[in-house]
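Q: got a predicted structure here, sequence first:
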Amino acid sequence: MDIYRRIRAAYAAYTGEKRVIGRSVEGRSLFAFCMGEGSPVGIAVYAVHAREYITAHLALEHLKRPVKGTVWFVPLVDPDGALLVEKGISSVRNAARRKFLLSLNGSEDFSLWKANIEGVDLNVNFPARWGTGEHNVFAPAPSDYVGECPLSARESRALAAFTLSVRPDYTLSFHTKGEELYWHFHQPPLRLARDFLFARALSRASGYPLKEAPRSAGGYKDWCVETLHIPALTVEAGSNALSHPIKENALPQLIEKAGSLVQAASQAYKELPWTKNSCGRPSNSPNAPKRRGKSPSERSSS
Ligand SMILES: [Zn+2]
């Protein structure tokens, strides 16, 4: 079963709250699964990059493990790209697009493709210092193309709209590979301290070291940090010894270190001395804003 069918079947079988948050370029559903209730509220996203679709399998593992508060899981942000990597050019429905992709890629081997099937790299398409990243390119390509404007891609636009509707307290974005965590994006001092504590807890839970990429921009995590003012991490799961795309038989290796990261994040957020609404003030202070206790569905209807 291909990765899209796998996630679609899991979605059909899922008895908890769930939502289709948008459609891909080729009209495939972008599925979101909700687990738990109350605060804090997290979002975990996977397979933002096509060749990293092994992380969609990791999402299914994460969905088996209980979390504190609420977590929304979006297992397959780029379904068209993931299928292009997994099954090749025949997975693309539109004939003109097949031609376009073959000319862009220069071969029928799409195993290293990262972008969506319009050649936009979704993880540089967010409005967070968009277009200023070191490796950005400005025309459609297998990777690093920022798009015509921020959120020009359907998939990143759907993810941004969904994120704004959920108003999460933290987000995790799962990529491969390198076994490291990225958390920093121009935070001012107080948020820097809070976000570092959050990141350090996840580093301890996974054994992945904290890294910085000062010359990157436009990522989902960057946007969450800069616009939503919340702690957000990019998780690079999987050893560098593995090659792209990481095959399913390496999944146990990924699970060994990254299997409990969503759980750990939900716990770590609860233990932070500051929350996003009381940055600089202890969260148990009588003057601190009340934390939300409702589930996302209750919130959206209120
Ligand atoms: Zn990636």
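A: That came in fine, so what should we check first?
Q: so where does residue 22 fall, helix or strand?
A: strand 18-23 (DSSP states H and E).
Q: partners of that strand, with directions?
A: strand 29-36 (antiparallel) (DSSP bridges).
Q: which residues touch the helix or strand following the strand it pairs with?
A: Along the chain past strand 29-36, the next helix or strand (assigned with DSSP H and E) turns out to be strand 41-46. With contact meaning Cβ atoms under 8 Å, 6 or more residues apart in numbering, strand 41-46 is reached by 55-56, 58-59, 62, 67, 69-77, 159, 162-163, 166-174, 220, 262, 265-266, 269, 292, 296. (Glycine included, C-beta is placed from N, CA and C.)
Q: strands - which of the residues you listed land there?
A: 70, 71, 72, 73, 74, 170, 171, 172, 173, 174 (DSSP state E).
Q: need these in a markdown table with distance to the ion, pLDDT and neighbour count, can you?
A: Formatted as a markdown table, the ones in strands among the contacts of strand 41-46 follow (distance: Cβ to the ion, whole Å; pLDDT from 0 to 100; neighbours: other Cβ atoms under 10 Å):
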| residue | distance to the ion | pLDDT | neighbour count |
| --- | --- | --- | --- |
| 70 | 25 | 98 | 26 |
| 71 | 20 | 98 | 27 |
| 72 | 20 | 98 | 25 |
| 73 | 17 | 98 | 26 |
| 74 | 14 | 98 | 28 |
| 170 | 19 | 98 | 27 |
| 171 | 15 | 98 | 28 |
| 172 | 13 | 98 | 29 |
| 173 | 8 | 98 | 26 |
| 174 | 9 | 98 | 30 |
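Q: who in this structure is up against the ion?
A: 49, 52, 175 (Cβ under 5 Å from the ion).
Q: so where is the stretch 151-300 of the chain shaky, pLDDT-wise?
A: The model of the stretch 151-300 of the chain has pLDDT under 70 over residues 275-300.
Q: ok and the residue in it nearest the ion?
A: residue 175 (3.3 Å; Cβ to the ion).
Q: show me the contacts for that residue.
A: 48, 49, 52, 55, 123, 234, 235, 236, 237.
Q: redo the residues you listed as TSV? Include neighbour count and secondary structure.
A: Converted to TSV, those look like this (neighbours: other Cβ atoms under 10 Å; DSSP: H, G, I helix; E, B strand; the rest coil):
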residue	neighbour count	secondary structure
48	28	coil
49	27	coil
52	28	helix
55	31	helix
123	29	helix
234	24	strand
235	29	strand
236	21	strand
237	29	strand
